[in-house]
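Colleague: the amino acid sequence is not available; the structure is as follows:
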Ligand SMILES: [Zn+2]
């Protein structure tokens with residue numbers, strides 16, 4: 001049975017589709033490939049990506065990492081917004 005390939009989660013800011021790909025970071029070293037994951041939603045207001053990874057899976061794992069306690073952060077943000085009104 002083939003292993004399922006690890007895929008990037010949607011963008012944490014806009015929910016848009018993200019993809020992984022490689023790029024050549026230095027023009028003089030065309031064979032030097034690095035991997036990144038980035039949000040492909042052109043309307044995303046946050047330019048977000050992981051880059052500079054030696055492996056595709058490394059870039060995807062970094063992208064898929066989510067902060068624990070996100071609900072707590074959301075609650076704190078709501079308190080701050082209320083206080084600023
Ligand atoms: Zn996005």
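Modeller: Yep, that arrived. Just so we're clear, the structure is a prediction, and the values are computed from it rather than from any experiment.
Colleague: please identify the helix or strand for the residue most central in space within the chain.
Modeller: In the chain, the residue lying closest to the centroid (CA atoms, centre = their mean) is residue 63, at 3.6 Å. Taking DSSP states H and E as the criterion, residue 63 maps to helix 56-64.
Colleague: what about the strands in this structure?
Modeller: Applying DSSP state E to the chain gives strands spanning 18-24, 33-39, 49-53.
Colleague: the second one - what's its average pLDDT?
Modeller: Going back to what we said before, that points to strand 33-39. Confidence over strand 33-39, taken as the mean pLDDT, stands at 93.
Colleague: I'd like to check the angle between it and strand 49-53, please.
Modeller: 170 degrees (axes from the mean of the first three to the mean of the last three CA atoms, to 10 degrees).
Colleague: how about low-confidence regions in the protein?
Modeller: 1-3 (pLDDT under 70).
Colleague: determine the longest helix present in it.
Modeller: In the chain, assigned by DSSP state H, the helix with the most residues is helix 70-84.
Colleague: what does this protein have sitting close to the ion?
Modeller: Within the chain, the positions near the ion by CB under 5 Å from the ion are 11, 13-14, 16, 39, 41, 44. Heads up, the C-betas are built off the backbone N, CA and C, glycines and all.
Colleague: do that again at 8 Å, thanks
Modeller: Residues of the chain that fall close to the ion, judged by CB under 8 Å from the ion: 11-16, 18, 39, 41, 44-46, 48.
Colleague: ok, so of these, who is nearest residue 33?
Modeller: Using CB to CB, residue 18 comes nearest to residue 33 of the residues of the chain next to the ion, at 18.8 Å.
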